[in-house]
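Enquirer: The following comprises the amino acid sequence and a computationally predicted model.
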Amino acid sequence: MVRLETSTKKELEALKEHQRESFDDVISKLLALVPEGDEEGKYSDEFRAGLLEAHFEAKQGKLIPFDKVKKELGL
């Protein structure tokens, strides 16, 4: 069993292509957006999870822009 916050469930509902589409189908489509690798090879599950976390933090404005880091470091 998977427990979801009400707000998460509403967001998943909004992503359904049709009313009868399952949450499993919606989640599978979302997971397919996470790259499995690149020209150098397949990514580990841990790396893919890190990509998701970084994207999530960026969307929440938790990351420091590279230009700001460069400026603070005097580069």
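Expert: Received it, and whenever you're ready, just let me know what you need. Numbers count the residues shown, from 1 in each chain.

Enquirer: CA atoms for contacts and neighbours, from now on please.
Expert: OK.

Enquirer: next SSE after the host helix or strand of E53?
Expert: Take DSSP states H and E as the rule and E53 turns out to sit in helix 45-59. Using DSSP H and E, the helix or strand that follows helix 45-59 towards the C-terminus is helix 66-73.

Enquirer: Render the CA-only coordinates of that next one in PDB, please.
Expert: The C-alpha trace of helix 66-73 is given here as PDB (Å, rounded to 0.1, in the frame of the first residue of the first chain):
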ATOM      1  CA  PHE A  66      26.000  28.800 -10.400                       C
ATOM      2  CA  ASP A  67      26.600  32.500 -11.200                       C
ATOM      3  CA  LYS A  68      26.100  33.400  -7.600                       C
ATOM      4  CA  VAL A  69      28.500  30.700  -6.400                       C
ATOM      5  CA  LYS A  70      31.100  31.900  -8.900                       C
ATOM      6  CA  LYS A  71      30.700  35.500  -7.700                       C
ATOM      7  CA  GLU A  72      31.000  34.500  -4.100                       C
ATOM      8  CA  LEU A  73      34.200  32.500  -4.800                       C
END
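
Enquirer: Pull out the buried positions in stretch 49-60.
Expert: Of the residues in stretch 49-60, L52 count as buried by neighbour count, 16 or more other Cα atoms under 10 Å.
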